[in-house]
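Participant: coordinates only, sequence not included:
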């Protein structure tokens, strides 16, 4: 049974990332011109800051230097977070996106943009924003109804703690 380089790298690096109370979200080996680039995406329940990324980068670099997982030749290691408009592919991603606006591609066609209010094992409770002054509506969707989901960036949204009682109502 052969394994791909990404699978070998995941097997090597995931225990180290997990030991830091982080999730290894993605591993990608890419060629950029003559260089190879190993991109590692990490995350946690509370997100990751630059200090955490720097520390994990140092730990992964040492581990990679001790192994032959990247083979011969030079490569660049890039460690980062999923980013603002992350794709939601795992249950934990949806949990972390509670209170965020998400664009859903539905399995039966069509799109839906809604805020995630609650996540359970079967699906999501959503708030669909009202259009043209109408009030938002509630909607429930099962995970099986979701083809793709991606967090949307909101530039002008007020946090509930910053809202007056009148604005919140």
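Facilitator: Okay, I see it. The shown structure was predicted, so the numbers you read here are calculated from the model rather than taken from an experiment. Numbering: from 1, shown residues only.
Participant: Stretch 87-107: end-to-end distance?
Facilitator: Stretch 87-107 has an end-to-end distance of 16 Å (CA to CA, to the nearest Å).
Participant: One more: stretch 91-110?
Facilitator: End-to-end distance of stretch 91-110 (CA to CA): 22 Å.
Participant: who touches it?
Facilitator: For stretch 91-110, the surrounding residues in contact (CB atoms under 8 Å, 6 or more residues apart in numbering) are 23, 43, 45, 86-88, 111-119, 121, 124, 129, 141, 143-152, 154, 157. Every residue, glycine included, has its C-beta placed from N, CA and C.
Participant: Can you name the residues in contact with the host helix or strand of residue 17?
Facilitator: According to DSSP states H and E, residue 17 maps onto helix 5-18. With contact meaning CB under 8 Å, 6+ apart, helix 5-18 is reached by 3, 23-24, 27-29, 38, 40, 42, 56, 59-60, 63-64, 67, 69-71.
Participant: Which parts of the helix or strand following it count as buried, going by neighbours?
Facilitator: The helix or strand immediately downstream of helix 5-18 is strand 23-32, counting by DSSP H and E. For strand 23-32, the neighbour count (16 or more other CB atoms under 10 Å) marks 23, 24, 25, 26, 27, 29 as buried.
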